[in-house]
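Engineer: no letters, just coordinates:
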Ligand SMILES: O=P(O)(O)OC[C@H]1O[C@@H](O)[C@H](O)[C@@H](O)[C@@H]1O
C-alpha cells in the first residue's frame, strides 16, 4: 500500500507544482461536478426540463454515493494529507508538504474518492444528456432538410 500512497503523493506534487497555471480551470471543473451542486442545482433544474434525465441523475448520484460508502468501509484508505505525517518512509521529518483546499479537508477515509466518483457520475449524465439532445436535434434537422429538398423535387 505504501508504494501506492507514495506514487499518489508524487502525482499530487506534480499537479500542484506543474499545473499551477491551470488551477482556476481545474478548480472550476471540480466544483461543477461536485455532488452538492447535483443535489441542490442540477437535479431540480433537470427534473423541470426533462424528467428522464433528472431521474437518471438522482439515481446515478444516489447509487454512486452508496457504492462509495461501501468501498470506503472496505478499503478504509488513508488520505495523502495525513498519510505523509504518519508514514515512516520519509526519513528525518522530510515529509512532503501539500496545499490543502476546502474540498480536501475531509476527515473520513479517502479511498476511493467520493468527490471523484460523484463528479464522474454527474459529468457522465450531463454529457450523455447533452450528446443525445444534440444528436436528436441533428436528426430532426436532417429529416426536415430531406423533406424540404424532396418537396422541391431535388
Ligand atoms: O471522499 P472525498 O474525495 O473526500 O469526497 C467527499 C466529498 O465530495 C464532495 O464532492 C461532496 O460535496 C462532499 O459532500 C463529500 O464529502
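Structural biologist: Done, it's in. Just so it is clear, the model here is predicted, and its values are computed rather than measured.

Engineer: need the pLDDT of the nearest residue to residue 57 once chain neighbours are set aside.
Structural biologist: Once flanking residues are discounted, residue 57 sits nearest to residue 125: 4.7 Å by CB to CB, 6 or more residues apart in numbering. Where C-beta positions appear, they are placed from N, C-alpha and C, glycine not excepted. Looking at residue 125, its pLDDT stands at 90.

Engineer: same check, this time on residue 42
Structural biologist: Value listed for residue 42 in the pLDDT field: 91.

Engineer: which SS class is it?
Structural biologist: The assignment at residue 42 comes out as helix when based on DSSP: H, G, I helix; E, B strand; the rest coil.

Engineer: phi and psi next, for residue 91.
Structural biologist: When read as degrees, to the nearest 10, the backbone of residue 91 gives phi -70, psi 160.

Engineer: run a quick neighbour tally on it.
Structural biologist: Neighbours of residue 91 under the rule other CB atoms under 10 Å: 7.

Engineer: most centrally placed residue in the protein?
Structural biologist: Centrality entry for the chain: nearest residue to the mean C-alpha point is residue 119, 2.2 Å, by CA atoms, centre = their mean.

Engineer: which ones are touching that residue?
Structural biologist: By CB atoms under 8 Å, 6 or more residues apart in numbering, the contact list for residue 119 reads 30, 33, 34, 35.
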